[in-house]
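# Any chance you can model this:
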Amino acid sequence: MIKELTYKEKRSEFISLLFDCKSITDANKIIAEIKKKHYKAKHVLACLNLKSTNLAKEDGEPIKSMHLLLEYMNRNAIFEKLVVIVRYYGGVNLGQNRLSKVYYNQGVEILENQ
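Residues are numbered from 1 along each chain as shown. Predicted coordinates:
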């Protein structure tokens, strides 16, 4: 892991993790390990941008923030980085627009401050 950031909003906790990653197979292994470690988390979202392919998983969230983060990574030529965001739900709904912004902003922040 390169970096970890934590953000809290309305009792939900978001843990952003950044990894060097060269394949979707490696990304899926890392995601599985994170899900195992954070088994009480409500959602584990991920985004990986490789030159030949990419991966964007929202893990059941009704948003497309990881796809938007993937576009950001493409625009800024950020490759072979895996962003994983773990959400511990705090019991208060944030709404789709706010939730999407939180995920996207956390992804951009961890990429810009690596």
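
# all contacts plus neighbour counts: C-alpha atoms, from now on.
Will do.

# and the lengthiest helix in the chain, what does it pack onto?
The single longest helix within the chain, with elements called by DSSP state H, is helix 96-112. Applying 3 or more Cα pairs under 8 Å, 6 or more residues apart in numbering; DSSP states H and E, we find helix 96-112 packed against strand 3-9, strand 12-20, helix 65-75, strand 81-88.

# okay, the angle between that helix and strand 81-88?
Angle between the axes of helix 96-112 and strand 81-88 is 140 degrees (criterion: axes from the mean of the first three to the mean of the last three Cα atoms, to 10 degrees).

# Same question for helix 96-112: list its buried residues.
Judged by neighbour count using 16 or more other Cα atoms under 10 Å, the buried positions of helix 96-112 are 99-100, 102-104, 106-107, 110-111.

# How far off centre is that helix?
8 Å (Cα atoms, centre = their mean, to the nearest Å).

# Residues contacting it, please?
3-5, 7, 16-18, 62-66, 68-69, 72, 83, 85 (Cα atoms under 8 Å, 6 or more residues apart in numbering).

# Emit the PyMOL select command for whichever of those are buried.
A single PyMOL command is used to select the members of those judged buried by 16+ other Cα under 10 Å:
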select buried, resi 16+17+18+63+65+66+68+69+72+83+85
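
# After the helix or strand encompassing residue 25, which helix or strand is next?
Residue 25 is part of helix 24-37 when elements are defined by DSSP states H and E. Counting by DSSP H and E, the next helix or strand C-terminal to helix 24-37 is strand 43-49.

# next structured bit after that next one?
Heading C-terminal from strand 43-49 (DSSP H and E), you reach strand 54-57.

# picking that back up, how big is the angle separating the longest helix of the chain from strand 3-9?
160 degrees.

# the inter-axis angle of helix 96-112 versus strand 12-20?
Going by the same axes, to 10 degrees, helix 96-112 makes 40 degrees with strand 12-20.

# and the lowest-mean-pLDDT helix or strand in the chain, how far from the chain's centre?
Within the chain, no helix or strand scores below strand 54-57, which has a mean of 89 by mean pLDDT, DSSP states H and E. Here strand 54-57 is found 10 Å from its chain centre; the criterion is Cα atoms, centre = their mean.
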